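Undergrad: What follows is a predicted protein model with its sequence.
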Amino acid sequence: MTLIDIKKLNEVGWVEIEKSFDNGELLSLASSFGTVLAHPNQQLIDILTPKDRNKAQFGTLSFKYEYGKFPLHSDTAFWVRPSKYVILANSIENKTATTIFNIRQAVARLDFHRKEILKRSVYLVKTKNTSFYSSLMSYFNGEFLFRYDPMCMRPFNAISNKAEAIINEIFSQSTPMEITWQKPKVLIFNNWICLHGRNPIDDPNRILKRIYIK
Ligand SMILES: [Fe+2]
């Protein structure tokens, strides 16, 4: 059994394992540190492939950006409690990196005033099936939880427009890490403290598997 460095996962924000995992091994790895949650399409292992607008679901990043760069975001921001961990894995090499950024560390460097703006921001989280209000930044059972996905979240109160400006300032001053997929690999990241994205697609045959963990 592969042991995950949970301390690193919850501090740095992600762990990479350079090894090929079959589906059973991926689910066993995921179950070893949490409860596996089904994707909204009911699959425990979701298959990610680049799509153009005609094949993508409305409201998704693929629908908006197609083969272009995906901006930094949280996965499952439309869940009241977003998936805490996400596993991405490849078995076939591809040249398009996943980008990842520890937003908790960036927030920690902000002054008190800016942190308060992020905490007091109210966003409307809306998809075709759900709608609720949420802050960008909160604590769940004492754990930092940052939720950000412009595809399903809109600034709702006056202060959230200031929060948007702070987020854009953080992004403009930061360079996310690039996780490459040129070897078989598993990436596990903490979706509450990291945002992630994707570089523009080089190879339309890019396939990644994804698992959500509570
Ligand atoms: Fe994502």
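TA: Thanks, I have it. Treat the numbers as computed from the prediction; the structure is a model and nothing was measured. Numbering: from 1, shown residues only.

Undergrad: drop to CA atoms for contacts and neighbour counts, all remaining ones
TA: OK.

Undergrad: got the residue ranges for the helices in this structure?
TA: Assigned by DSSP state H, the chain shows helices spanning 6-11, 23-31, 61-65, 103-108, 112-120, 158-172.

Undergrad: Hmm, Ser91 and Val186 touching each other?
TA: No: using CA atoms under 8 Å as the test, Val186 is too far from Ser91 to be in contact (9.1 Å).

Undergrad: what is in contact with those two at once?
TA: Contact with both Val186 and Ser91 is made by residues Ser20, Phe21, according to CA atoms under 8 Å, 6 or more residues apart in numbering.

Undergrad: More neighbours: which of these two?
TA: Neighbour totals were compared for Val186 and Ser91, and Val186 leads with 23 against 19 (other CA atoms under 10 Å).

Undergrad: re earlier: deepest in the core, which of the helices of the chain is it.
TA: helix 61-65 (a mean of 18; mean count of other CA atoms under 10 Å).

Undergrad: thinking again about what came up before, do you know which of the helices of the chain lies nearest Asp149?
TA: Within the helices of the chain, the stretch nearest Asp149 is helix 61-65; the backing value is 9.6 Å (CA to CA).

Undergrad: can you list contacts of stretch 7-14?
TA: Val15, Asn102, Leu187, Ile188, Phe189, Asn190, Ile193, Cys194.

Undergrad: can you rerun that using 10 Å?
TA: 5-6, 15-16, 85-87, 100-105, 143, 187-195 (CA atoms under 10 Å, 6 or more residues apart in numbering).

Undergrad: Report the buried members of those.
TA: With burial judged by 16 or more other CA atoms under 10 Å, the buried subset of the contacts of stretch 7-14 is 15-16, 85-87, 100-104, 187-195.

Undergrad: among the residues you listed, which are in strands?
TA: Applying DSSP state E to the buried ones among the contacts of stretch 7-14, the entries found in strands are 15-16, 85-87, 100-102, 187-190, 194-195.

Undergrad: now these as a markdown table including distance to Ile211?
TA: Listed next are these as a markdown table, based on distance: CA to CA, whole Å:
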| residue | distance to Ile211 |
| --- | --- |
| Val15 | 15 |
| Glu16 | 15 |
| Tyr85 | 8 |
| Val86 | 6 |
| Ile87 | 5 |
| Ile100 | 17 |
| Phe101 | 19 |
| Asn102 | 20 |
| Leu187 | 10 |
| Ile188 | 9 |
| Phe189 | 11 |
| Asn190 | 12 |
| Cys194 | 16 |
| Leu195 | 16 |
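
Undergrad: Reformat those residues as JSON lines; add pLDDT and distance to Met177.
TA: What follows is those, written out as JSON lines (pLDDT from 0 to 100; distance: CA to CA, whole Å):
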{"residue": "Val15", "pLDDT": "97", "distance to Met177": "12"}
{"residue": "Glu16", "pLDDT": "97", "distance to Met177": "12"}
{"residue": "Tyr85", "pLDDT": "98", "distance to Met177": "18"}
{"residue": "Val86", "pLDDT": "98", "distance to Met177": "16"}
{"residue": "Ile87", "pLDDT": "98", "distance to Met177": "16"}
{"residue": "Ile100", "pLDDT": "98", "distance to Met177": "5"}
{"residue": "Phe101", "pLDDT": "98", "distance to Met177": "6"}
{"residue": "Asn102", "pLDDT": "98", "distance to Met177": "9"}
{"residue": "Leu187", "pLDDT": "98", "distance to Met177": "13"}
{"residue": "Ile188", "pLDDT": "97", "distance to Met177": "14"}
{"residue": "Phe189", "pLDDT": "98", "distance to Met177": "12"}
{"residue": "Asn190", "pLDDT": "98", "distance to Met177": "14"}
{"residue": "Cys194", "pLDDT": "98", "distance to Met177": "11"}
{"residue": "Leu195", "pLDDT": "98", "distance to Met177": "11"}
